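Enquirer: Predicted model and sequence below, questions to follow.
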Amino acid sequence: MILDTEETLSREELEKLQSTRLQALTKRVYDNVPFYKQKFSEHNISPADISSIADLSKLPFTLKQDLRDNYPFSLFAVPKKDVVRIHCSSGTTGQATVVGYTKQDIANWGRLMGRCFTAIGASADDVIHNAYGYGLFTGGLGVHYGAEEISATVVPMSGGSTERQCTLLKDFGATVLCATPSYALYLHEAAAKIDIDFSKLPLRVGIFGAEPWTEAMRENLEKKLAIKAYDIYGLSEIMGPGVGCECTEQKGLHIQEDHFLIEIIDPVTCENLPDGELGELVITTLTKEAIPLIRYRTKDLTRINRTQCACGRTTARIDRLTGRSDDMLIIRGVNVFPSQIEEILVNTEGTTPHYQLILKKQGALDTLEIRIELAPTIAADEIKHLQNIERNIQKQIKEYLGVSAKCTLLEANSIERSTGKATRVIDLRNE
Amino acid sequence: MKVNQLSIFLENRSGRLAEVTETLEKAEINLRALSLADTADFGILRLIVSDFEKAEALLKEKGFTVGKTEVIAVRVKDEPGALNDLLKKMDEEALNVEYMYAFFQQSTKDAIIIFRFDDINKAVKNLQGKAYTILDNKTLCEL
């Protein structure tokens, strides 16, 4: 099922719509946001120079730091009385970034999230268990409005009280689960403890996002939870969840191109890259009223695929995110993404995908320690068997990623479970 | 004729072993035999206890990574050469010891040796054929 006709426009129709919206957007931010007026002047451009999306690269980038510098409301393009909602990033990597929404923004967001639900086969017949946190974080409410948009039944569970979540998942007969992938795994473990078997529940679909996850993790989730697992993309600066989402084909995330103009750039040179090349995703919010952003650098690394999808949507797809340019670890000069390590760990027998990567300095050298939990069911009796698990992980990391790592096995359930984004990298190199 | 042994994976951090013994003490479970194998990062505590099922359930509930392993408890005379004799016989049958530990029994002047062989069923058969006394769970716990 496809919710809106905008998802199936021809490239020509879509680009015409995008161009009209881009023109209006540049005028809107120039007139209403002093920050952009100044930035445009610095680049010697005015809204009159933008007549179509072909002119996009003339516009300056917007960085996360710009949102921080304009904390809290200086990037808003509408009077405060028109703002009906505020959301805010967690601020774990610096000062929190604040975003606002007008009534129309909220309506658009719900509609776009509704498109995502429709794309993964959800409808008014579904019960959607929403374990994303409600509050300043965009995950909870974003998913909530989308679920209501398609008239599904929402269970606004939010994060925490894990045992109760399991009970209600079962009692209310949820068919769709929305959570971070690490929390979904935790739910599965917690359910087993109180004798709830996921494979016997009506649950059939999971939409997982807010942290990068791998194909290997998808297999793991689909097998353990007996569901189809779909990836969803969003970031609070742009809107929240629903900027892009997989369809049932599971071959990339469709971007809502009528609302978001996407580009891929080389994160170092900032030059635009052609479709199919890996680089940093840059998004321009075409319709956002409260806090429109021009060429926002997401730091997320992916590639664009504009070939026609078998689902019928004509919108461009992006690859599942392999990581953020921020997340990239440079270990003894080798670029490593935590997701690459996860890919190896998820398939290691005798362990669970609960792990932490610890980076330290030993003299001038970086060291990587991979701590991973043993499966609670393993009969840990022979040293050589356990050492083989460790050696096998070390060997694969060396072989596939070219870095030496030390693997340490942990007791089952010893890493603290997160109800939101899991902390998997602990970098102590600067301490 | 096999004995149930608890194998507990322990991270190398201080006090972890005592958490096991405290759990068992509170439940009034007696230790019959034990060995601790260790590496730089982790240890494996192997226990034979007075009440296997109860101990296993309790330790699991406390979050320990616990497994069940079958081992053989053999009675040998407490005299020079007794173990050597047994090992030679097992070697002749191409049976390998994965690990073993022993304790001395004051009342009968015998030693009890706990073995983990690579082929446990074959080991039981051979030991019995060679007139060794193999102790079952119950006997071991009543010593």
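Expert: The structure has been received and is ready for your questions. Numbers count the residues shown, from 1 in each chain, chains lettered A, B, ... in the order given.
Enquirer: same for the worst-scoring helix or strand of chain B on mean pLDDT, what does it pack against?
Expert: Ranked by mean pLDDT, DSSP states H and E, the weakest helix or strand in chain B is helix B:137-142, scoring a mean of 81. In terms of contacts (3 or more C-beta pairs under 8 Å, 6 or more residues apart in numbering or on different chains; DSSP states H and E), helix B:137-142 is packed against strand B:3-11, strand B:31-38. All C-beta spots, glycine's among them, are computed from the backbone N, C-alpha and C.
Enquirer: Just say which of those strands is most tucked in.
Expert: Highest mean neighbour count among the helices and strands packed on helix B:137-142 (mean count of other C-beta atoms under 10 Å in any protein chain shown): strand B:3-11, with a mean of 21.
Enquirer: Spell out which residues of the stretch 251-400 of chain A are next to chain B.
Expert: A:Leu374, A:Pro376, A:Ile378, A:Ala379, A:Ala380, A:Asp381, A:Glu382, A:Ile383, A:Leu386, A:Gln387, A:Glu390 (C-beta under 8 Å from any C-beta of the partner chain).
Enquirer: From those residues, which land in helices?
Expert: A:Ile383, A:Leu386, A:Gln387, A:Glu390 (DSSP state H).
Enquirer: And those, which of them are buried?
Expert: Among these, those classed as buried by 16 or more other C-beta atoms under 10 Å in any protein chain shown are A:Ile383, A:Leu386, A:Glu390.
Enquirer: now those residues in TSV, with pLDDT?
Expert: TSV is the format used below for those (pLDDT from 0 to 100):
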residue	pLDDT
A:Ile383	90
A:Leu386	92
A:Glu390	94
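Enquirer: how many neighbours does the closest residue to chain A within chain B have?
Expert: Residue nearest to chain A within chain B (C-beta to the nearest C-beta): B:Gly67, separated by 3.2 Å. Applying other C-beta atoms under 10 Å in any protein chain shown, we find 21 residues neighbouring B:Gly67.
Enquirer: just wondering, since we're on it, how far is it from A:Glu222?
Expert: B:Gly67 sits 28 Å away from A:Glu222, going by C-beta to C-beta, to the nearest Å.
Enquirer: do A:Leu185 as well
Expert: 12 Å.
Enquirer: And these two? Which one has more around it.
Expert: A:Leu185 (23 against 14).
Enquirer: which ones are touching that one?
Expert: A:Asn220, A:Leu221, A:Lys224, A:Thr352, A:Pro353, A:His354 (C-beta atoms under 8 Å, 6 or more residues apart in numbering or on different chains).
Enquirer: For chain B, state which of those residues is nearest.
Expert: Looking across the contacts of A:Leu185 and measuring by C-beta to the nearest C-beta, the closest to chain B is A:Thr352, at 10.7 Å.
Enquirer: Nearest to chain B, out of the buried ones among the ones in helices among the residues of the stretch 251-400 of chain A next to chain B: which one, please.
Expert: A:Ile383 (5.5 Å).
Enquirer: Tell me what the residue lying closest to the closest one once chain neighbours are set aside is bridged to.
Expert: Distance criterion C-beta to C-beta, 6 or more residues apart in numbering or on different chains; nearest residue to A:Ile383, sequence neighbours excluded, is B:Ala37 at 5.5 Å. Note on B:Ala37: beta-bridge partners B:Ile44, judged by DSSP bridges.
Enquirer: Look up how far A:His385 lies from B:Ala37.
Expert: For B:Ala37, the distance to A:His385 - C-beta to C-beta - is 12 Å.
Enquirer: Can you check the pLDDT for the residue of the stretch 251-400 of chain A found nearest chain B?
Expert: As assessed by C-beta to the nearest C-beta, chain B sits closest to A:Ala379 within the stretch 251-400 of chain A, at 3.2 Å. On the pLDDT scale, A:Ala379 is placed at 76.
Enquirer: And A:Leu177, by the same measure?
Expert: 98.
Enquirer: isn't it right next to A:Pro202, touching?
Expert: No: using C-beta atoms under 8 Å, A:Leu177 is not in contact with A:Pro202, being 11.0 Å away.
Enquirer: These two - which one has more neighbours?
Expert: A:Leu177 (29 against 13).
Enquirer: picking up where we left off before, which neighbours do A:Leu185 and A:Glu222 share?
Expert: Common neighbours of A:Leu185 and A:Glu222 (C-beta under 8 Å, 6+ apart) do not exist.
Enquirer: where along chain B do the strands fall?
Expert: Remark: strands assigned in chain B by DSSP state E are B:3-11, B:31-38, B:42-49, B:65-77, B:97-105, B:110-117, B:133-135.
Enquirer: and the longest one with strand B:97-105, angle?
Expert: Angle between the axes of strand B:65-77 and strand B:97-105 is 60 degrees (criterion: axes from the mean of the first three to the mean of the last three C-alpha atoms, to 10 degrees).
Enquirer: hang on, the earlier thing: tell me who's in contact with the closest residue to the residue of chain B closest to chain A other than its chain neighbours.
Expert: Excluding the flanking residues, the one nearest B:Gly67 by C-beta to C-beta, 6+ apart is A:Ala379, at 3.2 Å. By C-beta under 8 Å, 6+ apart, the residues touching A:Ala379 are B:Ser7, B:Gly67, B:Lys68, B:Thr69.
Enquirer: Residues of chain B that sit close to chain A?
Expert: B:5, B:7-11, B:37, B:39, B:41-42, B:44, B:46, B:60, B:63-65, B:67-69, B:98-99, B:116.
Enquirer: do that again at 10 Å, thanks
Expert: B:5-13, B:16, B:37-46, B:60-61, B:63-71, B:98-99, B:116 (C-beta under 10 Å from any C-beta of the partner chain).
Enquirer: among those residues, which ones are buried?
Expert: For those, buried by 16+ other C-beta under 10 Å: B:5-11, B:16, B:41-46, B:64-67, B:69, B:71, B:98-99, B:116.
Enquirer: how far out from the middle of the chain is the least confident helix or strand of chain B?
Expert: 12 Å (C-alpha atoms, centre = their mean, to the nearest Å).
Enquirer: ok so, going back, A:Leu410: which of the residues of the stretch 251-400 of chain A next to chain B is nearest?
Expert: Nearest to A:Leu410 among these is A:Leu374, at 6.9 Å by C-beta to C-beta.
Enquirer: With A:Lys39 as the reference, measure out to A:Gln23.
Expert: Per C-beta to C-beta, A:Gln23 is found 17 Å from A:Lys39.
Enquirer: I misspoke; the intended subject was B:Leu10.
Expert: 59 Å.
Enquirer: what's across from the residue nearest to the spatial centre of chain B in the sheet?
Expert: Nearest residue to the geometric centre of chain B (C-alpha atoms, centre = their mean): B:Ile114, 4.7 Å. Counting by DSSP bridges, B:Ile114 is bridged to B:Ala73, B:Tyr101.
Enquirer: residue contacts, it?
Expert: Contact analysis of B:Ile114 by C-beta atoms under 10 Å, 6 or more residues apart in numbering or on different chains lists B:3, B:5, B:32-35, B:46, B:48, B:71-74, B:99-103, B:135, B:140.
Enquirer: run the last query once more with 7 Å
Expert: B:Ala33, B:Ile48, B:Val71, B:Ala73, B:Met100, B:Tyr101, B:Ala102 (C-beta atoms under 7 Å, 6 or more residues apart in numbering or on different chains).
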